[in-house]
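[1] Structure, please.
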Amino acid sequence: MNTLQNDYNTQRSALNISEYGRLIQDYVSHINSIADKNQRTLWVHNLVNIMAILNPEIKLQSNYQEILWGHIHQISDFSLDVDSPYPLPQKENHNKKPEPIPYHTSTIRFRFYGRNLQNMIEKATQMEDGELKQELVNLIASFMYNSCKLWNNENLSNEVIAEHLNTLSKGKLALAGSEITVTADVSAFTPRRHNNHQNKNNFRKNNNNKKNHSNNNNNRNKNKRRF
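    Numbers count the residues shown, from 1 in each chain. From the prediction side, this is the model:
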């Protein structure tokens, strides 16, 4: 009883990589206790093959052996001294926290347009005047019209779109409504029509098939002889 209590999970050391389990960690601890470095290296080569069998999906990666060597080094708490064919990870780099992801602090003026539209308008303001810039402005204006129609169910006029462009570009895209060409995406707003007549025909056809199948089964039962 005392042996079981001493060897209970809560009394054991924490698993460095829990996916490999206790046996692999004990295996690595045994390798670490071997005095001869060449023997330790040989044992690690064998353990890499075992871990690849236990996790066959890792073989889909071209550098899976390098990954497994790094995992073994991590399981040993970066204390394993072997001749590795690959550069081993360092504890300092492993515990290093990733850089924080920067978030946008600027607010979105029109939320139904989104932030990407503001970025597109900013790119358009940096372009030289010409046909390419006008095509981009028309594309942005069409996107604004379709977005407002989709989310707010409102048809924007060219004058309102031009005013929004002027606001979002901070006056750099000062255009009149007549200078903008808007293309509406009709497919996004056309409701789907259900063919009720076709549905009724399919319903009647399915019922007729069921009746015919039932009649055939009854006829077969009548024709059977009783012995």
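
[2] Find me the pLDDT at the residue nearest to the spatial centre of the chain, would you?
    In the chain, the centroid-proximal residue (CA atoms, centre = their mean) is Ile101; its distance is 17.7 Å. Looking at Ile101, its pLDDT stands at 82.

[3] three-state assignment of it?
    With DSSP: H, G, I helix; E, B strand; the rest coil as the basis, the three-state label of Ile101 is coil.

[4] Next one: the residue lying closest to Pro89 once chain neighbours are set aside from Cys148, what distance?
    Once flanking residues are discounted, Pro89 sits nearest to Gly70: 4.9 Å by CB to CB, 6 or more residues apart in numbering. For the C-beta atoms, the positions are set from N, CA and C on the backbone; glycine is no exception. Per CB to CB, to the nearest Å, Gly70 is found 52 Å from Cys148.

[5] Please, where are all the helices along this structure?
    2-6, 21-33, 37-54, 64-75, 91-94, 115-125, 131-152, 158-168, 196-223 (DSSP state H).

[6] Now do the last one, average pLDDT.
    This points to helix 196-223. 56.

[7] The shortest one now?
    When the per-residue pLDDT values of helix 91-94 are averaged, the result is 80.

[8] ok now that helix, how far from the chain's centre?
    Chain-centre distance of helix 91-94: 27 Å, with CA atoms, centre = their mean, to the nearest Å.

[9] Dump it to CSV, restricted to CA.
    The C-alpha coordinates for helix 91-94 follow below in CSV (Å, rounded to 0.1, in the frame of the first residue of the first chain):
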residue,chain,number,x,y,z
LYS,A,91,15.7,26.4,-22.7
GLU,A,92,15.9,30.2,-22.9
ASN,A,93,14.3,30.3,-26.4
HIS,A,94,11.6,27.7,-25.4
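
[10] which residues are contacting it?
    74, 77-78 (CB atoms under 8 Å, 6 or more residues apart in numbering).

[11] same thing but at 10 Å, please
    70, 73-74, 77-79 (CB atoms under 10 Å, 6 or more residues apart in numbering).

[12] Nothing else from me, thank you.
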